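Visitor: Return a 3D structure for these sequence lines:
(2 chains)
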Amino acid sequence: MTDRRSIAVVTAGLSEDASTTRLARAIAQAASDVVSRDGAPEPEVRLVNLRDVAHGITDAMLTGMAPAPVQDALDAVLTADALVAATPTYKASYSGLFKAFFDLFDEGALENLPTVVAATGGSPRHSLVLDTALRPLFSYLKALTLPIGVYAATEDWADASLQSRIERSGAALAGMLGVGTPGHDVAGPGHAAGAGSGATEDGASAADGASTEPVGARRNAPPRPDRSVRDEFAAVPNFEDLLAAVRG
Amino acid sequence: MQLGIFTIGDVTTDPTTGKTPTEHERIKATVAMARKAEELGMDVFATGQHHNPPFAAPANPPVLMGAVAAQTEKIQLSTATTLITTTDPVRIAEDYAYAQHLADGRVDLTLGRGNTGPVYPWFGKDIRQGIPLAVENYQLLHKLWREENVNFSGRFRTPLQGFTSTPRPMDDVPPFVWHGSIRSPEIPEQAAFYGDGFFHNNIFWNKEHTERMVAFYRQRYEYYGHGSADQAIVGLGGQTFMAKNSQDAVRQFRPYFDNAPVYGHGPSLESFMEQTPLTVGSPQQVIERTLSFRDYAGDYQRQLFLVDHAGLPLKMVLEQMDMLGEEVFPVLRKEFDSLRPAHVPEAPTHESLVARHAAGKDPIPGGGPDSQAAKDRAAKAEAAANAQQDSSK
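Guide: This is a model prediction of the structure:
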């Protein structure tokens, strides 16, 4: 069994070929390219286009119950190994739709989720939106927001430097998936160590459930964070403890 | 099976006419509903407790219960809910016991915490302390109804020394208590600890959620030794609107749904029906849907319907009650009763509680000596004693 990684791409772009969606996909693609270049299985990229579930997001906000398509979108993020979150800049911040979606997550649900923040705007004068709006939001959600985000103004699309910024952020995200850490020789110690364990690959390791993923990828991978949705029934205090807590 | 209605007393504009009832009209309509429920042979009428507009529910439900008690003879009077967090448990003990006497025992209550933040400070409380308030206040209420000369000191109210709540409950048997909660598992835990009932409003959320809350309560009820899980006392809410043919029901109810407080201006009527137990359709559809609650809640004891919210005028509410009382309830009662195994009890009434008390079978809070809870406590105490012995060697 191959341990294929997944990248959730959340975009609040509104038009059919929105530049925000284009930017978000490009970052995921860059990460994916680095991962597969290093011999690991190409990550699954899950596109969550918020426009498609905008009405459902409002319903969930009003009733506290997510309709199935919204729940699928939430699950796509909750079960991903990494996140690219991209929004157009509206009135100097993320769009209302973008915020409304992230408002639906339980506290701590995105804890330690490697995240690249990205935004588009009509003017380069909004480039700090990543730092003034998106980073505080993802800090609150306890996501592992990577230092390199990408902001693309209209004019950046004509500039080759945008692609290099996309590739840098993609490589950083790939690093969090266990491969392609910038400056790290992934083909070195990882693959060397892999030679020994590779021998067990075809039979034994599959039988005992161990991963057959190239060892280089596994070696550098951070422990997969536990982001299971909080279970309210997991640790209900015994009633005697509740009573003891109010004893005067 | 007890079948009835509950109201939260919302004063809402009728979206089809633009008319908003006055508080006086709303209050009188509520009494008219209670009388109608009695006339139709319904088992339960339950009222909410509210302290803020747009509600004209009593701030102290025994006021309404007393009035209804005077105009009825058979119907059980209950609440949906009594605010255990912001109401002084001494007043709950006194007022509900008084109402119980007036109604010749036809009183029980459902405790809730209340989720309207501003209400708490009006009564000197803090919503962040909701669970501890529910725990401490009910502990005191439970004691006040069972002991005279109560000494009590807690975190949230003035201590009591040698206090006796009056009047004493009728026949020394306190009104039965249901604990209501939509999402906090501490509340079914509390209900199970005392061997009380658990009520889930079953209106705003999906059935899977209600199912987990009920299953948790049942499992803990057994743990505390009050009976097997399937003998726990469960009540559910529900919401219906009916017409002879289902398209008419949908057409008539849609403007009320679309503008309703809480879920209005949100999901469509169709998707809300799919996601929650709301049933808008023919009496037969309501019967089938309601019987299906048993699939996820088990054999349960009480089913109440919300029929008067969202600005529905009294005339329509009374028509809905006619259909419930004449077409739906007789079938539900028969079906539920025939499906329920003999060892699963019916909902407690004053008579059954008097008999239980006389037989010395009142539930022991936290579980009697044969309960798993008691065994766990003993094992824990022994382990602690051993640990102490070891360390003193």
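Visitor: drop to CA atoms for contacts and neighbour counts, all remaining ones
Guide: Fine.
Visitor: need the residues of chain B near chain A, please.
Guide: Within chain B, the positions near chain A by C-alpha under 8 Å from any C-alpha of the partner chain are B:132, B:135-136, B:153-155, B:184-186, B:189-190, B:193, B:204-206, B:262-263, B:266-267, B:275, B:366.
Visitor: Give me the distance between whichever helix or strand B:His209 is part of and the centre of its chain.
Guide: Using DSSP states H and E, B:His209 maps to helix B:207-223. Taking C-alpha atoms, centre = their mean, to the nearest Å, one finds helix B:207-223 lying 15 Å from the centre of the chain it belongs to.
Visitor: Also stretch B:4-21?
Guide: 21 Å.
Visitor: tell me which residues in it are buried?
Guide: Neighbour counts over stretch B:4-21 (16 or more other C-alpha atoms under 10 Å in any protein chain shown) mark B:4-15, B:21 as buried.
Visitor: Which two among those are spaced furthest apart?
Guide: Using C-alpha to C-alpha, the two most remote members of those are B:Gly4 and B:Pro15, lying 26.2 Å apart.
Visitor: hang on, the earlier thing: so how do I select the buried members of the residues of chain B next to chain A in PyMOL?
Guide: Under the burial definition 16+ other C-alpha under 10 Å, those of the residues of chain B next to chain A that qualify are selected in PyMOL by:
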select buried, chain B and resi 132+135+136+153+154+185+186+189+190+193+204+205+206+263+266+267+275+366
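Visitor: In strands, which of the residues of chain B next to chain A fall?
Guide: Judged by DSSP state E, the residues of chain B next to chain A include no members of strands.
Visitor: Sort out for me which of the residues of chain B next to chain A are in helices.
Guide: Among the residues of chain B next to chain A, DSSP state H puts B:Pro132, B:Val135, B:Glu136, B:Glu186, B:Glu189, B:Gln190, B:Phe193, B:Gln275 in helices.
Visitor: and those as JSON lines, adding distance to A:Gly122?
Guide: JSON lines is the format used below for these (distance: C-alpha to C-alpha, whole Å):
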{"residue": "B:Pro132", "distance to A:Gly122": "52"}
{"residue": "B:Val135", "distance to A:Gly122": "55"}
{"residue": "B:Glu136", "distance to A:Gly122": "57"}
{"residue": "B:Glu186", "distance to A:Gly122": "51"}
{"residue": "B:Glu189", "distance to A:Gly122": "55"}
{"residue": "B:Gln190", "distance to A:Gly122": "56"}
{"residue": "B:Phe193", "distance to A:Gly122": "61"}
{"residue": "B:Gln275", "distance to A:Gly122": "41"}
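Visitor: got the contact list for the top helix by length along chain A?
Guide: If you go by DSSP H, chain A has its longest helix at helix A:19-37. Residues outside helix A:19-37 that contact it (C-alpha atoms under 8 Å, 6 or more residues apart in numbering or on different chains) are A:7, A:9-13, A:41-43, A:45, A:47, A:49, A:84-88, A:118-120, A:152, A:166-167, A:169-174, A:177, A:179-180.
Visitor: got it, and stretch B:330-341?
Guide: If you take C-alpha under 8 Å, 6+ apart as the criterion, stretch B:330-341 is touched by B:Met1, B:Gln2, B:Leu3, B:Ile287, B:Thr290, B:Leu291, B:Asp299.
Visitor: Which of those residues fall in helices?
Guide: Applying DSSP H to the contacts of stretch B:330-341, the entries found in helices are B:Ile287, B:Thr290, B:Leu291.
Visitor: A:Arg135 and A:Thr145 touch, don't they?
Guide: Yes - A:Arg135 is in contact with A:Thr145 according to C-alpha atoms under 8 Å; the separation is 7.1 Å.
Visitor: Kindly state the pLDDT recorded for whichever residue of chain B sits closest to chain A?
Guide: The nearest approach of chain B to chain A comes at B:Gly154, 4.0 Å away (C-alpha to the nearest C-alpha). For B:Gly154, the model assigns a pLDDT of 95.
Visitor: Now do the SS call for the most centrally placed residue in chain A.
Guide: Residue closest to the average C-alpha location in chain A (C-alpha atoms, centre = their mean): A:Leu83, at 1.2 Å. Taken by DSSP: H, G, I helix; E, B strand; the rest coil, the conformation at A:Leu83 corresponds to strand.
Visitor: If we only consider the buried residues of stretch B:4-21, which is nearest to B:Arg91?
Guide: Comparing the buried residues of stretch B:4-21 against B:Arg91 with C-alpha to C-alpha places B:Ile8 closest, at 20.9 Å.
Visitor: tell me the contacts of the closest one?
Guide: Applying C-alpha under 8 Å, 6+ apart, the residues contacting B:Ile8 are B:Thr47, B:Gly48, B:Gln49, B:His50, B:Phe55, B:Ala57, B:Ala80, B:His309.
Visitor: Now, those residues that are in strands?
Guide: B:Thr47.
Visitor: now the host helix or strand of B:Val68, how far from the centre of its chain.
Guide: Assigned by DSSP H and E, B:Val68 belongs to helix B:62-71. The chain centroid and the centroid of helix B:62-71 are separated by 18 Å under C-alpha atoms, centre = their mean.
Visitor: How about stretch B:278-286?
Guide: The answer for stretch B:278-286 is 23 Å, by C-alpha atoms, centre = their mean.
Visitor: can you check stretch B:322-332 too?
Guide: Distance of stretch B:322-332 from the chain centroid (C-alpha atoms, centre = their mean) equals 21 Å.
Visitor: Could I get the buried residues of stretch B:4-21 in a markdown table, plus columns for secondary structure and pLDDT?
Guide: A markdown table is the format used below for these (DSSP: H, G, I helix; E, B strand; the rest coil; pLDDT from 0 to 100):
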| residue | secondary structure | pLDDT |
| --- | --- | --- |
| B:Gly4 | strand | 98 |
| B:Ile5 | strand | 98 |
| B:Phe6 | strand | 97 |
| B:Thr7 | strand | 97 |
| B:Ile8 | coil | 94 |
| B:Gly9 | coil | 95 |
| B:Asp10 | strand | 95 |
| B:Val11 | coil | 96 |
| B:Thr12 | coil | 96 |
| B:Thr13 | coil | 96 |
| B:Asp14 | coil | 97 |
| B:Pro15 | coil | 96 |
| B:Pro21 | coil | 97 |
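Visitor: how about CSV for these, with distance to B:Lys361 added?
Guide: Output for the buried residues of stretch B:4-21, formatted as CSV (distance: C-alpha to C-alpha, whole Å):
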residue, distance to B:Lys361
B:Gly4, 28
B:Ile5, 30
B:Phe6, 30
B:Thr7, 33
B:Ile8, 34
B:Gly9, 37
B:Asp10, 40
B:Val11, 43
B:Thr12, 45
B:Thr13, 49
B:Asp14, 49
B:Pro15, 52
B:Pro21, 48
